[in-house]
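Colleague: 3D, please:
(one chain, ligands or ions: 1)
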Amino acid sequence: MEEPFIACDNLVKIYKIADLETVALQGLDLVVAPGELMGIVGPSGSGKSTLMNILGGLDRPSAGRVWVDGQDLLKTSNADLNRYRRSKVGFVWQQGSRNLVPYLTALENVELPMTLAGSGRRKRKRAEELLEAVELADRRHHRLAQMSGGEQQRVAIAVALANNPKLLLADEPTGEVDSTTALTIYETFKRLNREHGLTTLIVSHDPGIARHVNRVVAIQDGKMATETVRRSRTEGAVEGEGDDGVEVEDDFHELVVLDSAGRLRVPKEYLEQFGIKGRVMLDLVEEGILIQPVPESVQVQAAEQYVGELVPEAETRSSKAFALLNAARRRVVGLASKLRRRRGE
Ligand code: ADP
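Modeller: Down below sits the predicted model:
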């Protein structure tokens, strides 16, 4: 297999504010090949932005491993991480205007980061090339304020390319535009990816993103949950059909991610449909592995055996006392922190 461009192994990110810890990533695995165009979807709070910030060198993981283009982002020094971010990564945010100055023209906006980076001489020509790459050459002298949302977002993409990055990270780039405009933005990403081999990761809420990228991974609770891939056209299609001008519909497959420890996340609807909870029966059948609910009789027996065998009566009483003690301790700790908050500590 080709050397991956991005490799995340068991990535963990814990944010700590006062006494409260949030586990934003909990053992995330991800491999991205050079030149991939990939979508990342997932509910709000699932860890998408955290992952983008880590891949972009804006933040560091708490544990695990993350490699981008042969560089270990966990172990690298602060100075090297800054250098990595400035030289290898381009960012596109939801509000295109976040990186742009409204009273400057498109050309001036693209030149600005090059001026700041001290690459003075060739910047006019390079800025023109970049605006051409996002198909805005004819709008280069328009001020940002005179441009549509989609055009502004494409200027933002050109700005993100100013440092000639190898990795383009886009966080909800179509979040604030209508679906027609979103299409032009996706087209721009596709063209840049095709023509310049730019590895591109796009975070999106848009379920339709699968049509515009090679692969979509879904994050849930800080972990990869599923991956949607396009089935190769020749596979399911009747031979010759495509050649005869009959349009072949794209065919997508949602695959469940199996992590390195052998764990997989079974969709909630499937579990609910079969009333599966807590434990399952796994059986080998001819086609693969069958997951079944545990018959009631087995569950009752197992529970009886567990209680009967492992917890003698005396110990049950002492664990009750232990639980009571623990509850009391929690109440004291809670009261103490409430008091501290009231005193403004
Ligand atoms: P998404 O982008 O999928 O909406 P995020 O990566 O922004 O998710 O957030 C994942 C979790 O981490 C959330 O519970 C969020 O509240 C928390 N979180 C994100 N950034 C911070 C931060 N800087 N400090 C504390 N908690 C954070």
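
Colleague: need the helix or strand of the protein with the lowest average pLDDT.
Modeller: helix 233-236 (a mean of 51; mean pLDDT, DSSP states H and E).

Colleague: Check the gap between the residue nearest to residue 196 when sequence neighbours are not counted and residue 270 for me.
Modeller: The shortest distance from residue 196 to any non-neighbouring residue, by CB to CB, 6 or more residues apart in numbering, is to residue 133 (7.6 Å). In this view, the C-beta of every residue, glycine as well, is placed from N, C-alpha and C. Plainly put, residue 133 is 44 Å away from residue 270 if you go by CB to CB, to the nearest Å.

Colleague: more neighbours, these two?
Modeller: Legend: neighbour count by other CB atoms under 10 Å for residue 133 and residue 270, higher for residue 133 (18 against 11).

Colleague: Next, count neighbours for residue 31.
Modeller: Residue neighbour count, defined by other CB under 10 Å, stands at 13 for residue 31.

Colleague: next one: residue 125
Modeller: Using other CB under 10 Å, residue 125 is surrounded by 9 other residues.

Colleague: other SSEs contacting the helix or strand encompassing it?
Modeller: Using DSSP states H and E, residue 125 maps to helix 123-133. Judged by 3 or more CB pairs under 8 Å, 6 or more residues apart in numbering; DSSP states H and E, helix 123-133 is in contact with helix 106-116, helix 149-160, helix 179-196.

Colleague: Other residues contacting that helix?
Modeller: Helix 123-133 is contacted by residues 106-107, 110-111, 114-115, 119, 137, 139-140, 155, 158, 161-162, 191-192, 195-196 when judged by CB atoms under 8 Å, 6 or more residues apart in numbering.

Colleague: repeat that with 10 Å
Modeller: 106-115, 117, 119, 122, 136-140, 154-155, 157-162, 164, 188, 191-192, 195-196 (CB atoms under 10 Å, 6 or more residues apart in numbering).

Colleague: now do stretch 65-83
Modeller: Residues external to stretch 65-83 that are found in contact with it (CB under 10 Å, 6+ apart): 3-11, 28-32, 34, 51, 54-64, 84-85, 88-89, 166-167, 199.

Colleague: Surely residue 28 and residue 10 touch.
Modeller: Yes: counting by CB atoms under 10 Å, residue 28 touches residue 10, with 7.5 Å between them.

Colleague: the more surrounded of the two?
Modeller: Shown here are residue 28 and residue 10; by other CB under 10 Å, residue 28 has more neighbours (27 against 18).

Colleague: Look at the closest residue to that one other than its chain neighbours and give its secondary structure.
Modeller: Of all residues not flanking residue 28 in the chain, residue 11 sits nearest, at 4.4 Å (CB to CB, 6+ apart). When classified by DSSP: H, G, I helix; E, B strand; the rest coil, residue 11 comes out as strand.

Colleague: quick one, what contacts residue 11?
Modeller: Residues in contact with residue 11 (CB under 10 Å, 6+ apart) are 24-30, 47, 50-51, 54-55, 61-66, 74, 222-223.

Colleague: Could you identify the helix or strand that succeeds the host helix or strand of residue 31?
Modeller: Using DSSP H and E, residue 31 sits in strand 20-32. Using DSSP H and E, the helix or strand that follows strand 20-32 in sequence is strand 37-41.

Colleague: elements contacting that following strand?
Modeller: Contact here means 3 or more CB pairs under 10 Å, 6 or more residues apart in numbering; DSSP states H and E; on that basis strand 37-41 packs against strand 20-32, helix 48-55, strand 167-171, helix 179-196, strand 199-203, strand 215-220, strand 223-230.

Colleague: Given it, what are its sheet partners and their directions?
Modeller: Partners of strand 37-41 in the sheet, by DSSP bridges, are strand 199-203 (parallel), strand 215-220 (parallel).

Colleague: Can you add distance to residue 296, mean neighbour count and mean pLDDT and give the ones you listed back as TSV?
Modeller: Shown next, in TSV, are those (distance: least, CB to CB, whole Å; neighbours: other CB atoms under 10 Å; pLDDT from 0 to 100):
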stretch	distance to residue 296	mean neighbour count	mean pLDDT
strand 199-203	44	24	96
strand 215-220	30	21	93
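
Colleague: Please dump those into a markdown table; it should also carry distance to the ligand for every row.
Modeller: Listed next are the strands paired with strand 37-41 as a markdown table, based on distance: least, CB to the nearest ligand atom, whole Å:
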| stretch | distance to the ligand |
| --- | --- |
| strand 199-203 | 7 |
| strand 215-220 | 7 |
